[in-house]
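S.K.: Next input, structure requested:
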Amino acid sequence: MNTTTLHYFIPYAVGASASTRVSNELGAGNPKTAKGAVRVVVIIGIAEAIIVSTFFLCFRNILGYAYSNDEQVVNYIAKMVPLLCVSVSADSLIGALSG
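M.R.: As a prediction, this is how the structure comes out:
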């Protein structure tokens, strides 16, 4: 779905900036600070996943109307939202850590 494509840019951007921070800290000889930066990125990824998943779960019966007015399509999208939330959670962590 196009909805989750937009959400992927947030953790990816955080991961890319954290990658620069971690490499700079490791180059400066500060492994503890680099480890702290990774922890912050993981926390941000988890927080973002919780926020987006909660939003999707709360509005699962309304989200389908963005794509169609047909009740059957809206019901199918409402049934797919839990799978979408799992995908969002995995993408948030992978995106944040891939940087």
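
S.K.: what residues are up against Ala34?
M.R.: 21-22, 25-26 (Cβ atoms under 8 Å, 6 or more residues apart in numbering). Quick note: C-beta positions are derived from backbone N, CA and C, even for glycine.

S.K.: Go ahead and list the helix or strand containing Val81.
M.R.: Element membership of Val81, judged by DSSP states H and E, is helix 71-97.

S.K.: Low-confidence regions, the protein specifically.
M.R.: For the chain, the stretches with pLDDT under 70 are 1-3, 99.

S.K.: circling back: looking at the contacts of Ala34, which is nearest Leu97?
M.R.: Val22 (10.8 Å; Cβ to Cβ).

S.K.: Apart from its neighbours in sequence, what residue is nearest the closest one?
M.R.: In space, and not counting its chain neighbours, Val22 is closest to Ala34: 4.6 Å by Cβ to Cβ, 6 or more residues apart in numbering.

S.K.: Would you indicate which residues of the helix holding Val81 are buried?
M.R.: By 16 or more other Cβ atoms under 10 Å, the buried positions in helix 71-97 come out as 74, 77, 80-81, 84-85, 87-89, 91-93, 95-97.

S.K.: From the contact counts, what lies against that helix?
M.R.: Applying 3 or more Cβ pairs under 8 Å, 6 or more residues apart in numbering; DSSP states H and E, we find helix 71-97 packed against helix 2-27, helix 31-58, helix 60-63.

S.K.: Quick one: those as JSON lines, columns for distance to Asn69 too.
M.R.: JSON lines is the format used below for the helices and strands packed on helix 71-97 (distance: least, Cβ to Cβ, whole Å):
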{"stretch": "helix 2-27", "distance to Asn69": "17"}
{"stretch": "helix 31-58", "distance to Asn69": "20"}
{"stretch": "helix 60-63", "distance to Asn69": "12"}
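
S.K.: Which among those helices is found nearest to Asp70?
M.R.: Among the helices and strands packed on helix 71-97, the nearest to Asp70 by Cβ to Cβ is helix 60-63 (13.8 Å).
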